[in-house]
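> Build me a model from this:
(2 chains)
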Protein chains: 2
Amino acid sequence: MRYELYYWPNIQGRGEFVRLALEAAGADYADMARRPGQRGVPAMMKVLEDQRLPRPPYAPPFLKAGNTIIAQTALILHYLGPRLGLAPRDEAGRLWAHQLQLTVTDLVVHIHDTHHPVSGWLYYEEQKPAAKRRTADFWRYRMPKFFGYFERVLKNNGGKFMVGRRLSYVDLSMFQIIEGLRYAFPKRTKRFEKRVPLLVALHDRVASRPRIKAYLASERRIPFSQWGIYRYFKELDG
Amino acid sequence: MRYELYYWPNIQGRGEFVRLALEAAGADYADMARRPGQRGVPAMMKVLEDQRLPRPPYAPPFLKAGNTIIAQTALILHYLGPRLGLAPRDEAGRLWAHQLQLTVTDLVVHIHDTHHPVSGWLYYEEQKPAAKRRTADFWRYRMPKFFGYFERVLKNNGGKFMVGRRLSYVDLSMFQIIEGLRYAFPKRTKRFEKRVPLLVALHDRVASRPRIKAYLASERRIPFSQWGIYRYFKELDG
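Numbers count the residues shown, from 1 in each chain, chains lettered A, B, ... in the order given. The predicted model follows:
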């Protein structure tokens, strides 16, 4: 099966959780909106604006697999998981992986909103005091709770994988969360990592997997930037 | 099967999407944290703080069904859907309902953040200018996009149900979203409703279903208040 991923071509964003799964599995896929000209973003917008699609995606990322179109990052991963060998085979295990990914999804909103709490239609500079306050609360309350939870889940599962006995998309997502936090909050993340040694070791193991290593070194991996979930602002990295 | 729902006892919140499904199906369930004394919230906290649970919930709501514990509102509904006759029977239809519910979940975050954009640990009064700005953007950009999408989905499905040919938990959630917006933004919602006639008619049909009607009139339905997703502030309802 050749998968078609549709996501913004210039950012890692939410699409990156799907890209990592496709890459880790060595799947046959195309990153559709990165194609040149009309075949890129305009083709993606055409799908989004199609008024007659019976099951339309609300927003990118979405995946085409044959005639099936699936949106919502966590749902795309839930769908791909067993097909790519990146989820437990039993139903209860699959739902548990999905539940963890939905909690990752919640965390991603909180990470994004550290720099844009008031409005996505204002520049960061126009909401700096609010961003500072939101960031302080994020590191004081949200991070310990989310990461304490994920560290506990990892520990109770034996310390090597988030779910089951082999790599899953949840492990890849934990890698991406830590990687992004290191970019956006290098100082804060460095200090914080001492509290979650198992997750940091998981991050490192994921990064050193041959397919992931090759992907990260390739042009297919879009660099972090000031447009996306993770953005670096010195004053927020207090 | 007797279901045990765990959620904060004094607010509708995210738990209400699950309560509505259980009520609409006439399911046998207990709203566990509303039990008196130690059997209420303390018993719920005990589950959340249990360090040895292999598949722990991150936060309420969560559902116990026999030995299974499931968290994340949309996932609880995905699990309950076929069991309560509130989701399509085929796999593709079930996933489509789940995808819509995940988009409802995203909308709920935006609704909540209109009154608490900066921090959940500050009073509304301490973030009023940010709340005003976020609310303005919510009604200018988010509402037309989310509700335009849901109205389109409803229309393309024949206008009567969001998915399939009978009531699903997605219909119940659309009812709850509109009901909450009417509480939090009575003037704005009234004006806006003219643009989404099919969704408003769906809301009314859900409200008039005998089991839902009986539930809404009962003490099991917790009233809207200033603690929850939907809160009324006159100055935000401009």
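
> Give me the spatial nearest neighbour of the spatially most distant residue from the centre of chain A, chain neighbours excluded.
Farthest-out residue of chain A from its mean C-alpha position, per C-alpha atoms, centre = their mean: residue A:52, at 29.6 Å. Spatial nearest neighbour of residue A:52, chain neighbours left out: residue B:156 (6.9 Å); criterion: C-beta to C-beta, 6 or more residues apart in numbering or on different chains. All C-beta spots, glycine's among them, are computed from the backbone N, C-alpha and C.

> what do you get for residue A:68?
residue B:92 is the one closest to residue A:68 (C-beta to C-beta, 6+ apart), at 7.2 Å.

> Please give the element, helix or strand, for that neighbour.
Following DSSP states H and E, one finds residue B:92 within helix B:91-115.

> Return the set of buried residues in that helix.
Judged by neighbour count (16 or more other C-beta atoms under 10 Å in any protein chain shown), helix B:91-115 contains these buried residues: B:93-108, B:110-115.

> same thing with stretch A:49-68?
Buried, per 16+ other C-beta under 10 Å, within stretch A:49-68: A:55-58, A:60-65.

> Can I get the residues you listed in JSON lines including pLDDT?
Output for these, formatted as JSON lines (pLDDT from 0 to 100):
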{"residue": "A:55", "pLDDT": "96"}
{"residue": "A:56", "pLDDT": "97"}
{"residue": "A:57", "pLDDT": "98"}
{"residue": "A:58", "pLDDT": "98"}
{"residue": "A:60", "pLDDT": "98"}
{"residue": "A:61", "pLDDT": "98"}
{"residue": "A:62", "pLDDT": "98"}
{"residue": "A:63", "pLDDT": "98"}
{"residue": "A:64", "pLDDT": "97"}
{"residue": "A:65", "pLDDT": "96"}
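
> Check these and tell me the two furthest apart.
Pairwise distances across the buried residues of stretch A:49-68 peak at 17.9 Å for A:58 and A:65 (criterion: C-beta to C-beta).

> Please, where are all the strands along chain A?
Assigned by DSSP state E, chain A shows strands spanning A:3-6, A:29-31, A:62-65, A:68-71.

> got a list of contacts for the last one?
Pointing back at strand A:68-71 there. If you take C-beta atoms under 8 Å, 6 or more residues apart in numbering or on different chains as the criterion, strand A:68-71 is touched by A:47, A:53, A:55-63, A:76, A:79, B:92, B:95, B:99, B:103.

> what about 10 Å?
Strand A:68-71 is contacted by residues A:4, A:6, A:47-48, A:50, A:53-64, A:76-80, B:92, B:95-96, B:99-100, B:102-103 when judged by C-beta atoms under 10 Å, 6 or more residues apart in numbering or on different chains.

> Would you list the strands that it pairs with, along with their directions?
The strands beside strand A:68-71 in its sheet (DSSP bridges) come out as strand A:62-65 (antiparallel).

> In this structure residue A:49 contacts residue A:56, no?
Yes. Between residue A:49 and residue A:56 there is a contact under C-beta atoms under 10 Å: 9.1 Å.

> Chain A - how does it break down into domains?
Domain segmentation of chain A under automatic domain parsing yields A:3-84, A:91-236.

> Could you dump those into JSON lines with distance to residue B:229 added?
Output for these, formatted as JSON lines (distance: least, C-beta to C-beta, whole Å):
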{"stretch": "domain A:3-84", "distance to residue B:229": "19"}
{"stretch": "domain A:91-236", "distance to residue B:229": "14"}
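
> With respect to residue B:174, which of the ones you listed lies nearest?
Residue B:174 lies closest, by C-beta to C-beta, to one member of the domains of chain A: domain A:3-84, at 14.1 Å.

> residues touching the residue nearest to residue A:102 when sequence neighbours are not counted, list them.
Nearest residue to residue A:102, sequence neighbours excluded (C-beta to C-beta, 6+ apart): residue B:72, at 4.3 Å. Counting by C-beta under 10 Å, 6+ apart, residue B:72 touches A:74, A:95, A:98-103, A:105-106, B:14, B:57-59, B:61-63, B:78-79, B:102, B:105.

> Likewise for residue A:15?
Contacts here follow C-beta under 10 Å, 6+ apart; on that basis residue A:15 touches A:5-9, A:31, A:33, A:60-63, A:73, A:76, A:222, A:228.

> Which two of those have the greatest separation?
Maximum distance among the contacts of residue A:15 (C-beta to C-beta): 19.5 Å, for A:63 and A:228.

> so the residue nearest to residue A:52 makes contact with residue B:96?
No. Taking contacts as C-beta under 10 Å, residue B:156 lies outside contact range of residue B:96: 11.8 Å.

> Stretch A:37-51: which residues count as buried?
A:40-41, A:44, A:47-48.

> Same question for stretch A:4-20.
Here stretch A:4-20 shows A:4-9, A:11-20 as buried, counting by 16+ other C-beta under 10 Å.

> starting at the chain centroid, how far to that stretch?
8 Å (C-alpha atoms, centre = their mean, to the nearest Å).

> From start to finish, how long is it in a straight line?
One end of stretch A:4-20 sits 14 Å from the other (C-alpha to C-alpha, to the nearest Å).

> Also stretch A:24-33?
20 Å.

> From the chain's centroid, how far away is it?
For stretch A:24-33 - counting by C-alpha atoms, centre = their mean - the centre lies 15 Å from the chain centre.

> what do you get for stretch A:62-80?
14 Å.

> ok, which stretches of chain A are helices?
Along chain A, counting by DSSP state H, helices occupy A:15-24, A:41-49, A:73-84, A:91-115, A:128-137, A:143-156, A:169-184, A:186-193, A:197-207, A:210-217.

> Out of those, flag the one nearest residue B:151.
In terms of C-beta to C-beta, the element of these nearest to residue B:151 is helix A:41-49, at 14.9 Å.
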